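A.B. asks: Got a sequence here, can you build the structure:
(one chain, ligands or ions: 1)
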Amino acid sequence: MYTHLQLRDSDRQPVTLSTLARMKADGKKIASLTCYDASFAVLLDEADVDVVLVGDSLGMVIQGHDTTVPVTMDDIVYHTRAVARGLHRPFLMADLPFMSYPSKDRALENAVRLMQEGGAKMVKLESGGTQAEIVEFLAGHDIAVCAHLGLRPQSVHKTGGFRVQGRERDAAAQMIENAKRLESAGADIVLLECIPADLGKAITEELHVPVIGIGAGPHTDGQILVVYDMLDITTGRKPRFVQDFMKGAGSNREALKRYVEAVRSGAYPAPEHCF
Ligand code: KIV
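C.D. replies: Below you'll find the predicted structure:
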């Protein structure tokens, strides 16, 4: 049976995990952005973004906090539901926020909320390697999981701030091991934040699942940015890996289109965006 959504835009098939696996196999870059509301979701869909993340970065760019720590499950469910209404083609992933996965049961309960109440197709959790059992448990319940490694904003108070991770040889080796462990546990996507480009390359080559990077160099299978950063809406100093796609674009629509083209062609990220 076809729903009205499947009939709408039927020449643009929704992105699935199989689409993303095929893109990795074919060497086609995955273009991804964060999103927090239905109006932006429509724009991202029109720009042909492949993966949309309702990130807990909403705590900073929407709610005005200094970190993502205050974000709650209710916050993410609310924004995911809004974004889901505006999307047709992109694959929708939503963050499990701080302390929403301290045990297997809580992780499952909250992943189910993101999918049933929010309409997410995949959940993302931050992992320093210790979350492999949680990933395995969710995967065992046929929930698509993205494991976020490298800089983990939910842990900034413990790790000492927003800084590049994996610069030292031991830390880099440990991150490669963690990524492999999470893949074996059933992670369907690995997201790498703020790590040296060489390490991003090594992890991408080691893994069979797609790897999406933010400040992780040009070699990952895809790129993601916080949409307010790349549209130059965020005020103040932005991370080195952010490119202002509004510059010379004239409109949000054109800037989003240019971002997708730059990711697909490999023009973004350029050397000045990498560590
Ligand atoms: O919350 C978020 O926006 C994220 C991105 C930085 C990938 O996790």
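
A.B. asks: and the residue of the stretch 51-200 of the chain found nearest the ligand, what does it touch?
C.D. replies: Using CB to the nearest ligand atom, residue 55 is the residue of the stretch 51-200 of the chain that sits closest to the ligand, at 2.3 Å. C-beta coordinates here come from the backbone N, C-alpha and C atoms, glycine included. If a contact means CB atoms under 8 Å, 6 or more residues apart in numbering, then residue 55 has 34, 68, 95, 124, 226 as its contacts.

A.B. asks: Neighbour-wise, give me the winner out of the residues you listed.
C.D. replies: Of all the contacts of residue 55, the highest neighbour tally under other CB atoms under 10 Å goes to residue 95, namely 31 neighbours.

A.B. asks: So what's the residue count around residue 133?
C.D. replies: So residue 133, with other CB under 10 Å, has 12 neighbours.

A.B. asks: Sticking with it, tell me its helix or strand.
C.D. replies: helix 132-140 (DSSP states H and E).

A.B. asks: Dump that helix to CSV, restricted to CA.
C.D. replies: Taking C-alpha atoms only, helix 132-140 is exported to CSV below (Å, rounded to 0.1, in the frame of the first residue of the first chain):
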residue,chain,number,x,y,z
ALA,A,132,29.4,-1.2,22.7
GLU,A,133,27.0,-3.3,24.8
ILE,A,134,24.2,-0.7,24.4
VAL,A,135,24.8,-0.5,20.7
GLU,A,136,24.6,-4.3,20.5
PHE,A,137,21.4,-4.3,22.6
LEU,A,138,19.7,-1.7,20.3
ALA,A,139,20.9,-3.5,17.2
GLY,A,140,19.6,-6.7,18.6
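
A.B. asks: quick one: contacts of the next helix or strand after it?
C.D. replies: Per DSSP H and E, the first helix or strand lying C-terminal to helix 132-140 is strand 144-150. Applying CB under 8 Å, 6+ apart, the contact partners of strand 144-150 are 17, 93, 111, 121-128, 131, 135, 138-139, 165-166, 175, 178-179, 182, 186-195, 203, 212, 216.

A.B. asks: These also near the ligand: which ones?
C.D. replies: When CB under 6 Å from any ligand atom is applied, the members of the contacts of strand 144-150 adjacent to the ligand are 191, 193.

A.B. asks: out of the contacts of strand 144-150, which are buried?
C.D. replies: With burial judged by 16 or more other CB atoms under 10 Å, the buried subset of the contacts of strand 144-150 is 93, 111, 121-128, 131, 135, 138-139, 165-166, 175, 178-179, 182, 186-195, 203, 212, 216.

A.B. asks: and residue 160, what does it touch?
C.D. replies: Counting by CB under 8 Å, 6+ apart, there are no residues that residue 160 touches.
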